[in-house]
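In: the following block contains a protein sequence and its predicted model.
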Amino acid sequence: AEPQVSDGMSKGVWDEPFYKFHSLGDYAYSVLSVKKSTIEKDPETVQKFVNSILEVLQKVKDDKEYAAAQAKLEFPTMTDEALKASMERAYADELWSPDGQISEEALKNDMDVMAKTKIFTDPYTYDGLIDMQFVNNAK
């Protein structure tokens, strides 16, 4: 929940959160969805899109200055101190996927939250919701 967590801490609104995001288990925190019809009609573009996402994930992992510059573009009013704290937390919590994979555990944890909040209560299967073929093809 950056940059709000670090900003609140720097302003004395709250102390360190009582949990770290990754202590909650594997989650598909941010995902990108592609319509099934697009996958079927234009798999080449879908593959290029996934390749690009994986390239950026690797760049963010390897180049913290690049990642900070992108975050500054997204949050232009954030102070340098808040940006640094946000980025440090994101790396410490391993916020970004290193490989683009969505595990069965991540989906289960996400769906458990949605079931408890009644956002989504229908039955589901991993294979019915997750298609890793383009991530796997990129490797």
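Out: It's in. Residues are numbered from 1 along each chain as shown.
In: for residue 124, give its distance to residue 93.
Out: Distance, residue 124 to residue 93, using Cβ to Cβ, to the nearest Å: 27 Å. Backbone N, C-alpha and C define where each C-beta goes, glycine included.
In: do residue 30 as well
Out: Residue 30 is 13 Å from residue 93, by Cβ to Cβ.
In: which strands and helices sit next to the helix or strand hosting residue 91?
Out: Assigned by DSSP states H and E, residue 91 belongs to helix 80-92. Contacts defined by 3 or more Cβ pairs under 8 Å, 6 or more residues apart in numbering; DSSP states H and E place helix 80-92 against helix 4-10, helix 64-74.
In: please save the CA atoms from the longest one in CSV.
Out: This file holds the C-alpha atoms of helix 64-74, laid out as CSV (Å, rounded to 0.1, in the frame of the first residue of the first chain):
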residue,chain,number,x,y,z
LYS,A,64,16.4,0.2,-8.8
GLU,A,65,17.2,3.7,-10.2
TYR,A,66,15.1,3.0,-13.3
ALA,A,67,12.3,1.7,-11.0
ALA,A,68,12.5,4.8,-8.9
ALA,A,69,12.4,7.1,-11.9
GLN,A,70,9.2,5.3,-13.2
ALA,A,71,7.6,5.6,-9.7
LYS,A,72,8.5,9.4,-9.7
LEU,A,73,6.6,9.7,-13.0
GLU,A,74,3.6,7.9,-11.5
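In: average pLDDT for that helix?
Out: The pLDDT scores in helix 64-74 average 93.
In: try the shortest one
Out: Across helix 4-10, pLDDT averages out at 79.
In: would you mark the buried spots in it?
Out: Residues 5-7, 9 are the ones in helix 4-10 that count as buried (16 or more other Cβ atoms under 10 Å).
In: ok, these vs residue 50, which is closest?
Out: Set against residue 50, the nearest of those by Cβ to Cβ is residue 5 (29.9 Å).
In: let me know whether the closest one touches residue 90 as I believe.
Out: No. Between residue 5 and residue 90 there is no contact under Cβ atoms under 8 Å: 10.2 Å.
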